[in-house]
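In: Dropping a prediction and its sequence here:
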Amino acid sequence: MALHALRASRLRASMAVASLGVVLGACLVDVDEPGGDPPADEDGDLSTLPVAMPPRDPAAPPPATCKPSRLYGRTGDLWDPAGRLIDYAYAGYHTGLDPIPTVSAPTASVLSFGAEPNDSGDDTNAFQQAIAGTARGVLLVPAGRYIITKRLEIKKSDFVLRGAGPGQTILFFPKSLGQVDGASATPYSFSDAFLKVNGSDSGSRLATISASAPRGAKTLQVSTTNGIAAGQWIRVVQKDASGTMFRALHGGQFPGNAGEDGGKEAFHFYSRVAAVQGQQVTLERPLPFEVDTRWTPELRARRPSVREVGIEDLTLEFVGTTYPGHFNEKGYNAIHLRGVQDSWVRNVKILNADYGINVSGCFFTTITDVVLDTTFDRGSLVGHHGLNSEGGNDVLFTRFDVRKKFVHDLTVDGYAMATVWSDGKGTDLNMDHHGRAPYGTLWSHLDLGKGKRPFGSGGAGNRMPHSAAFSTFWNLTAQQTMKLPASDFGPLLNFIAVQASDPPSTPSGWSIEKIAAAELCQPELHAFALERRRAALQP
């Protein structure tokens, strides 16, 4: 299979927007009573992780008795390219059109490089040599327990690290990153990991964008079309000017985090080119956010240095320690993907971690069938971040199971755009909006467990509000009726079929639809949006 092949795709969907205000504010993380979490299931294949209610087949017509959202309709007929719902049909590996591949060849084994499972020896050097010595294909990690005491880093494309399955192949980490580095401070609360995949996009500038364009537009006026052709992937890039872009991300009234991030290149949006005519480029995808000449917009080529990387069928287990508390983490951090595209983590169990999986600056990447748990009593909170998305676009987290409580179970942060969280569950999940304008996040068909802290969020006060515009909460259930967040949580939020009590008054700009989960026409919005896109591609 040629891993670089990315299928051509066309779309009629679009991204929605408007401008309303928001009140500046912040929430503290809810860290309620300890314990009561269910024991972990036996290790094994995680491909059949259950969620609270199986989603309907998105290709099937909705039942005649279902209740449609006024934002989407029964079949997507009410969806408006200039409305409130972002188009989520491009999230994940290969924009969702292709399944994650099961790469079969070429293969190598860590055993050939000297790794020996199930003994007391350190296997780190063998793993490092195996990664360096395997140019492409699959690096197999046969069943057994392997001891890793240093970072493993992947900086190449077309590479899969594959075990024999969770509970069968175990990478055991007896030390923290702090112990590895000899660090007296704890710089590991927010980044770094033992298993790292690092890339970037060095695509050069193709053209400047010479005229502003509204949200939802597809056509851009450019300085030149030389080197730009239909079918080509490009990215639209914009840089803040004096906080004006941050204000726009928050619906036009919140000033944004200009003091810390002023002048930051915070908008990156990928699309195929649908057509080129004169000095105009027409995109396949509508813009999720406006283009403004104040923000020096430009088109750049797509040149990712790392893509088609997979981490799959493994357990990553850290030594059992008590969690030392918020911002005192020692660096029991599992996986960090940075700057990669068209990549995945699949069928992985992570035990006793301070930080589970961090996905930063990535695009078209899928995290699926991941379990976070402990084998040791780490306390009422077991780590800092469970799963995190920051600074990228079109990242999909799906079919996850967070079996113990982290300070922040599921996080969006740092100008992440159109992150999708779907078909997941946890013992008492919080959907942490960490400030710095996470825009248009979708939380869809989630079982939040106890439901005591669904919107518990962190983040520094200067980075508030927690959410930028158009975060959408779709079909969220729990063991009890939940409470919606405070009115200063973010602007232009959408709540559809959320098992929550009515707020004393609906904050200005919010959209709340009281629909029972079992009656909603689209139980999981991302799947239905993707199926609608597939249907539009049929001849």
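Out: That came through, no problem.
In: need the longest helix for this protein.
Out: helix 525-537 (DSSP state H).
In: and it, which residues are buried?
Out: Of the residues in helix 525-537, 525-533 count as buried by neighbour count, 16 or more other Cβ atoms under 10 Å. Where you see a C-beta, it was placed from the backbone N, CA and C, and this is true even at glycine.
In: Run the chain-centre distance for the worst-scoring helix or strand of the chain on mean pLDDT.
Out: Lowest by mean pLDDT, DSSP states H and E among the helices and strands of the chain is helix 258-261, with a mean of 89. How far helix 258-261 lies from its chain's middle: 24 Å, per Cα atoms, centre = their mean, to the nearest Å.
In: Which positions within it qualify as buried?
Out: 258, 261.
In: And the contacts of it?
Out: 240, 242-243, 246, 436, 462-463 (Cβ atoms under 8 Å, 6 or more residues apart in numbering).
In: Let me have these in a markdown table, adding pLDDT, secondary structure and distance to Ala105 as columns.
Out: As requested, the contacts of helix 258-261 are exported to a markdown table (pLDDT from 0 to 100; DSSP: H, G, I helix; E, B strand; the rest coil; distance: Cβ to Cβ, whole Å):
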| residue | pLDDT | secondary structure | distance to Ala105 |
| --- | --- | --- | --- |
| Asp240 | 97 | coil | 46 |
| Ser242 | 92 | coil | 53 |
| Gly243 | 93 | coil | 51 |
| Phe246 | 95 | helix | 47 |
| Arg436 | 95 | coil | 42 |
| Asn462 | 92 | helix | 51 |
| Arg463 | 93 | helix | 46 |
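In: In the stretch 1-150 of the chain, mark out all the strands, start to finish.
Out: 107-109, 137-141, 144-147 (DSSP state E, counting those that start in this stretch).
In: Over to the stretch 301-450 of the chain?
Out: 309-318, 333-338, 344-351, 355-360, 366-373, 385-390, 396-398, 401-402, 408-413, 420-422, 425-426, 431-433, 442-447.
In: Packing partners of the third one?
Out: Looking back up the chat, that one is strand 344-351. strand 309-318, strand 333-338, strand 355-360, strand 366-373 (3 or more Cβ pairs under 8 Å, 6 or more residues apart in numbering; DSSP states H and E).
In: Can you tell me the strand partners of the first one and which way each runs?
Out: Using DSSP bridges, strand 309-318 pairs in its sheet with strand 159-163 (parallel), strand 169-173 (parallel), strand 344-351 (parallel).
In: for these, which one sits closest to Pro214?
Out: Closest to Pro214 of the strands paired with strand 309-318 is strand 344-351 (Cβ to Cβ; 34.0 Å).
In: got the contact list for that closest one?
Out: Contacts for strand 344-351 (Cβ under 8 Å, 6+ apart): 43, 45-47, 93, 100, 165-167, 309-318, 334-335, 337, 356-357, 365-375.
In: still on that earlier bit, turn the buried residues of helix 525-537 into TSV, including distance to Ala258 and pLDDT.
Out: Output for these, formatted as TSV (distance: Cβ to Cβ, whole Å; pLDDT from 0 to 100):
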residue	distance to Ala258	pLDDT
Leu525	33	98
His526	32	98
Ala527	38	97
Phe528	38	97
Ala529	33	96
Leu530	36	97
Glu531	40	96
Arg532	38	95
Arg533	36	95
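In: hang on, the earlier thing: ChimeraX command for the buried members of the contacts of helix 258-261?
Out: Restricted to buried positions by 16+ other Cβ under 10 Å, the ChimeraX selection for the contacts of helix 258-261 reads:
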select :240,243,246,436,463
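In: Going by distance to Ser212, which of the contacts of helix 258-261 wins?
Out: Asp240 (15.1 Å).
In: can you tell me which residues contact that closest one?
Out: Asp240 neighbours (Cβ under 8 Å, 6+ apart): 246, 256, 258, 261-266, 295.
In: which of the residues you listed are buried?
Out: Counted by 16+ other Cβ under 10 Å, the contacts of Asp240 give 246, 256, 258, 261-262, 264, 266, 295 as buried.
In: In a markdown table: these, plus distance to Leu442.
Out: Converted to a markdown table, those look like this (distance: Cβ to Cβ, whole Å):
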| residue | distance to Leu442 |
| --- | --- |
| Phe246 | 21 |
| Gly256 | 22 |
| Ala258 | 27 |
| Asp261 | 24 |
| Gly262 | 29 |
| Lys264 | 24 |
| Ala266 | 20 |
| Trp295 | 25 |
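In: Out of those residues, which is nearest to Pro507?
Out: Using Cβ to Cβ, those come closest to Pro507 at Gly256, 19.3 Å.
In: Okay, the closest residue in space to the closest one that isn't next to it in sequence and Leu484: tell me how far apart.
Out: Distances taken as Cβ to Cβ, 6 or more residues apart in numbering put Phe246 closest to Gly256, at 2.1 Å, once the chain neighbours are dropped. Remark: distance between Phe246 and Leu484 (Cβ to Cβ, to the nearest Å) = 25 Å.
In: likewise Thr365?
Out: From Thr365 to Leu484 the distance is 30 Å (Cβ to Cβ).
In: So for the two, which sits in the more crowded spot?
Out: More crowded of Thr365 and Leu484, by other Cβ atoms under 10 Å: Thr365, with 26 against 20.
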